[in-house]
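Student: Sequence plus the predicted model coming up.
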Amino acid sequence: AQTSLIARADEPPRAHVKFTYARSVENENKIPFEERIVFQDEHILVADKPHFLPVVPSGAYVNETLLARLKKRTGIATLSPAHRIDRETAGLVLFTVKPDSRGAYHALFRDRNVEKIYEAVAPYREDLKLPMTYRSRLERGEHFMQAREVAGAPNSETHIELIERDGEFAKYQLKPTTGARHQLRAQLAALGISIVNDAIYPLLKPVAREDFSSPLQLLAKSLSFIDPLIQAERRFESAFDLRFEKRN
């Protein structure tokens, strides 16, 4: 049996002991939105992440992350995300439960064998011929938080469809076939339809404090794949929805 101990700075080194370092943050902001568990079995857990909640610890967030919350809620210390979405984005995230089956699920995402469908609210462009498959080359921008389109062979591809229109704005369905950083946000900005409440694209906007009233209108709506362990189709859908009323 394993025993959890807290190591003290004055203790001598011990052999064959695994240490876990937990970083602390003073005055960590509370994220006032709750995650949901969509599905859980002995191998995977699928969670529905709210806007603003990071997937894993980073920056000013350690306990207020999806991973930390789920570990505390389920008691499963071996939970690990098989992929990630931006802190500003809401929607589905798949976690693995057991280390020995983790590689099989990571391979699904690495080999692009997961269909990921997103939804976004952005301005409506009558001259944009949809549906369309948009391809471009994305590289790191001048600011570390941004990506930018450059000339060259495309390395990013997204299928874009119109779901519905509401006046000057519309809801779009986005199916990325590649996984470049900020791909959807950067490509829609390049098309002149920046996602509502995006504080990074097309221009980086200073944020003096967290504004929970203006969530980025981007949602990881569904995940589907053939489960490598049971060879059966899995499909999960977020219960969150986007809204038209809050606009840039």
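Tutor: Structure received.

Student: Report how many residues lie close to the residue nearest to residue 177 when sequence neighbours are not counted.
Tutor: In this structure, residue 177 finds its nearest non-sequential neighbour in residue 157, 4.7 Å apart by Cβ to Cβ, 6 or more residues apart in numbering. Every residue, glycine included, has its C-beta placed from N, CA and C. By other Cβ atoms under 10 Å, the residues close to residue 157 number 16.

Student: and the helix or strand containing residue 157, which residues are buried?
Tutor: Assigned by DSSP states H and E, residue 157 belongs to strand 156-166. By neighbour count on 16 or more other Cβ atoms under 10 Å, the buried set for strand 156-166 is 156-158, 160.

Student: show me what contacts the most centrally placed residue in the chain?
Tutor: What sits nearest the mean C-alpha location of the chain, by Cα atoms, centre = their mean, is residue 85, with 1.1 Å. Shown in contact with residue 85 (Cβ atoms under 8 Å, 6 or more residues apart in numbering): 49, 55, 91, 93, 220.

Student: from the residues you listed, which ones fall inside strands?
Tutor: Residues of the contacts of residue 85 located in strands (DSSP state E): 49, 91, 93, 220.

Student: Let's see if you can find the most crowded of those.
Tutor: So for those (other Cβ under 10 Å), the most neighbours sit at residue 49, 29 neighbours.

Student: circling back to that earlier point, by contact count, what packs against the strand holding residue 157?
Tutor: The contact analysis (3 or more Cβ pairs under 8 Å, 6 or more residues apart in numbering; DSSP states H and E) places strand 156-166 against strand 132-140, strand 169-176, helix 183-190.

Student: now do 10 Å
Tutor: Here strand 156-166 touches strand 115-123, strand 132-140, strand 169-176, helix 183-190, going by 3 or more Cβ pairs under 10 Å, 6 or more residues apart in numbering; DSSP states H and E.

Student: Mind listing the strands it pairs with, and their directions?
Tutor: Here strand 156-166 is paired, per DSSP bridges, with strand 132-140 (antiparallel), strand 169-176 (antiparallel).

Student: quick one, helices of this structure?
Tutor: 66-74, 99-110, 183-190 (DSSP state H).

Student: Select, out of the ones you listed, the one closest to residue 232.
Tutor: helix 99-110 (13.4 Å; Cβ to Cβ).

Student: could you dump that closest one to PDB, C-alpha only?
Tutor: Only the C-alpha atoms of helix 99-110 are listed here, as PDB (Å, rounded to 0.1, in the frame of the first residue of the first chain):
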ATOM      1  CA  PRO A  99      -2.000   5.300 -17.100                       C
ATOM      2  CA  ASP A 100      -1.800   2.000 -18.900                       C
ATOM      3  CA  SER A 101      -4.500   2.900 -21.400                       C
ATOM      4  CA  ARG A 102      -3.600   6.600 -21.700                       C
ATOM      5  CA  GLY A 103      -1.500   6.100 -24.800                       C
ATOM      6  CA  ALA A 104      -4.400   4.600 -26.800                       C
ATOM      7  CA  TYR A 105      -6.500   7.700 -26.300                       C
ATOM      8  CA  HIS A 106      -3.600  10.200 -26.900                       C
ATOM      9  CA  ALA A 107      -3.000   8.400 -30.200                       C
ATOM     10  CA  LEU A 108      -6.600   9.200 -31.300                       C
ATOM     11  CA  PHE A 109      -5.900  12.900 -31.100                       C
ATOM     12  CA  ARG A 110      -2.400  12.700 -32.400                       C
END
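
Student: Having no further points to raise, I will conclude here.
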